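Trainee: Got a predicted model here, sequence first, then my questions.
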Amino acid sequence: DTAVSQTPKYLVTQMGNDKSIKCEQNLGHDTMYWYKQDSKKFLKIMFSYNNKELIINETVPNRFSPKSPDKAHLNLHINSLELGDSAVYFCASSQDRGPTGDTQYFGPGTRLTVL
Amino acid sequence: AQSVTQLDSQVPVFEEAPVELRCNYSSSVSVYLFWYVQYPNQGLQLLLKYLSGSTLVKGINGFEAEFNKSQTSFHLRKPSVHISDTAEYFCAAVGNTDKLIFGTGTRLQVFP
């Protein structure tokens, strides 16, 4: 059983389109995250949710909108896609929030290519 | 500013040789430190973490790391690497804003 799953694994689309990436975790965790990994492999947090409440919102364009229908799901919707949005997007989850040193479990990633 | 620095972007080694991947953190971050591994086309997997206690931390796949507060370092080591250890390795730390801050990664390439 996959602990943190993401769909789709690959996403190729045209500039200006709107797309969504879905994430689900079956670990019973309370906190979920979205990270962006750029072409140089640099990883940076975008958002985190704890029990469906937004707790971290980095300096991300408002074209990116996370949605958490329940604590097991955190989806990422992106409007008006731009070339610079091309990256690998990782979902992750952890039991707790806060600087507890809690392990984050990562999904396999979604490679988004904007043409 | 909070930061995690991985000094080596690439480390080539021969199989069965020892390896050390270096990581330094800024003293402004908390001392919760992690090493993650990313195999090609996969997500990140936790290798080990330091929260408190013994400064020598043992992880999966024969890796270990040592927390050195005076040098603000958390270097990752393995005494004998295998071809299957070829991957990207990320050091990370929990900052005071509840965020996991990653280094830029080190590509470990093991040659036969």
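Mentor: That came through, no problem.

Trainee: Kindly report the residues of chain B close to chain A.
Mentor: Residues of chain B that fall close to chain A, judged by Cβ under 8 Å from any Cβ of the partner chain: B:30, B:32, B:34, B:36, B:38, B:41-46, B:49, B:51, B:88, B:90, B:94-100, B:102, B:104-105. Quick note: C-beta positions are derived from backbone N, CA and C, even for glycine.

Trainee: how close does residue A:23 sit to chain B?
Mentor: 11 Å (Cβ to the nearest Cβ, to the nearest Å).

Trainee: pretty sure that residue belongs to a helix, no?
Mentor: No - counting by DSSP: H, G, I helix; E, B strand; the rest coil, residue A:23 is located in no helix; its state is strand.

Trainee: what bridges to it?
Mentor: Per DSSP bridges, the residues bridged to residue A:23 are residue A:6.

Trainee: ok, now which ones touch it?
Mentor: By Cβ atoms under 8 Å, 6 or more residues apart in numbering or on different chains, the residues touching residue A:23 are A:4, A:5, A:6, A:32, A:34, A:73, A:74, A:75, A:76, A:91, A:107.

Trainee: Strands of chain A, residue ranges please.
Mentor: A:4-7, A:10-13, A:19-25, A:31-37, A:43-50, A:53-57, A:64-70, A:73-78, A:87-94, A:105-106, A:110-114 (DSSP state E).

Trainee: can you tell me which of those the model trusts least?
Mentor: Among the strands of chain A, strand A:53-57 has the lowest mean pLDDT, at a mean of 84.

Trainee: Give me the contact list for that strand.
Mentor: In this structure, residues lying in contact with strand A:53-57 by Cβ under 8 Å, 6+ apart are A:31, A:33, A:45, A:47, A:48, A:49, A:66, A:97, B:97, B:98, B:99.

Trainee: what's the farthest-apart pair in the residues you listed?
Mentor: Greatest spatial distance among those (Cβ to Cβ): A:66 and B:97, at 17.6 Å.

Trainee: In terms of neighbours, single out the busier of these two.
Mentor: Between residue A:66 and residue B:97, residue A:66 has the larger neighbour count (other Cβ atoms under 10 Å in any protein chain shown), namely 20 against 12.

Trainee: Show me what that one bridges to in the sheet.
Mentor: Here residue A:66, judged by DSSP bridges, has bridge partners residue A:76.

Trainee: got the contact list for it?
Mentor: A:34, A:46, A:47, A:49, A:54, A:74, A:75, A:76, A:77.

Trainee: Likewise for residue B:25?
Mentor: Contacts of residue B:25 by Cβ under 8 Å, 6+ apart are B:3, B:4, B:5, B:33, B:72, B:73, B:74, B:91, B:93.

Trainee: Let's see that with 10 Å instead.
Mentor: Residues in contact with residue B:25 (Cβ atoms under 10 Å, 6 or more residues apart in numbering or on different chains) are B:2-5, B:31, B:33, B:67, B:72-74, B:91-93, B:95, B:101, B:103.

Trainee: Check those for burial and list the buried ones.
Mentor: Neighbour counting by 16 or more other Cβ atoms under 10 Å in any protein chain shown classes B:2, B:4, B:31, B:33, B:67, B:72-74, B:91-93, B:95, B:101, B:103 among the contacts of residue B:25 as buried.

Trainee: possible to save those as TSV with pLDDT?
Mentor: Shown next, in TSV, are those (pLDDT from 0 to 100):
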residue	pLDDT
B:2	73
B:4	91
B:31	74
B:33	92
B:67	94
B:72	92
B:73	94
B:74	96
B:91	96
B:92	92
B:93	90
B:95	71
B:101	88
B:103	93
